[in-house]
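1. fold the following and give me the result.
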Amino acid sequence: TGVVPFVALLLLQRRPVAGRALLGTGPGCPGHSLCRSNVQEQTRRQVALLNATAQDLFSLYLKCQGEPFSSETDKLCNPSGVFFPAFRVNRTSERKEVMVAMYKLFAFLNASLGNITHDQEELNPTAKELLDRLHNTTKTTRGLISNLTCLLCKNYNVFQVDVSYGESSKGKSAFKKKQQGCQVLRKYVQVIAQAARVLLPHLSPP
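-> Reported below is the predicted structural model:
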């Protein structure tokens with residue numbers, strides 16, 4: 001537990017560990033001057049892209065894991081026991097509150113994607129399409145985190161956020177690794193749809 005600035009968090013994203021940083025504001029907001037002029041539109045497009053491709057990623061993941069995941073999806077991939085950051089914002093929430101919630105969500109998701117990608121590189125090294133999809137999704141998520149960092153710093157002077165990371169799959173059996181990835185990706189499909197509904201109106205042009 002400790003205070004971890006955004007810059008450090010960006011370096012930690014591929015580590016499948018539990019971590020926490022404290023929300024704070026202050027004059028030392030890093031990198032806000034590096035915001036691109038179209039950062040809001042770029043953020044909107046990234047969220048829309050992740051939402052549009054989430055189900056296909058999950059379906060491809062299932063296909064590559066083979067049986068029994070394809071035939072017992074509801075049982076094995078039930079995400080009810082999977083931890084995800086609490087997401088209590090809606091369209092009427094304050095924009096700052098929405099942005100902070102989104103940062104927590106996508107920082108967690110990025111670490112989880114890194115974990116899943118690492119496992120699949122070991123378990124399914126020849127599944128090129130799946131690995132490419134995972135890498136591309138992770139790349140988009142990292143870009144989104146960078147843009148959210150910029151918007152939070154520039155608009156609200158927020159430079160530290162309380163972040164939780166998911167459970168590591170290290171030391172688990174191949175089956176359990178596949179199952180954990182399946183559960184996380186199914187939850188991702190649900191959560192990204194909700195996130196898009198909430199965030200996109202806040203990023204739409206006036």
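2. ok now stretch 115-123, how far from the chain's centre?
-> Taking the mean of its C-alpha atoms, stretch 115-123 sits 16 Å from the chain's own mean (C-alpha atoms, centre = their mean, to the nearest Å).
3. state the mean pLDDT of that stretch.
-> Here stretch 115-123 scores 96 as its mean pLDDT.
4. what's the answer for stretch 191-203, then?
-> The average of the pLDDT scores along stretch 191-203 is 85.
5. go on, stretch 49-65?
-> Averaged across stretch 49-65, pLDDT comes to 96.
6. buried residues in the host helix or strand of residue 199, which are they?
-> Using DSSP states H and E, residue 199 sits in helix 174-203. The neighbour-count criterion (16 or more other C-beta atoms under 10 Å) identifies 177-189, 191-192, 195-196, 198-200, 202-203 as the buried residues of helix 174-203. The C-beta positions use only the backbone N, C-alpha and C, and glycine is treated the same way.
7. tell me what that helix is packed against?
-> Applying 3 or more C-beta pairs under 8 Å, 6 or more residues apart in numbering; DSSP states H and E, we find helix 174-203 packed against helix 39-65, helix 73-76, helix 95-123.
8. could you check the angle the helix or strand just after the longest one makes with helix 39-65?
-> In other words, helix 95-123. On the C-terminal side of helix 95-123, the nearest following helix or strand under DSSP H and E is helix 128-156. Per axes from the mean of the first three to the mean of the last three C-alpha atoms, to 10 degrees, the angle that helix 128-156 makes with helix 39-65 is 150 degrees.
9. and helix 128-156, what does it pack onto?
-> Against helix 128-156 (3+ C-beta pairs under 8 Å, 6+ apart) you get helix 6-12, helix 39-65, helix 95-123, strand 158-160.
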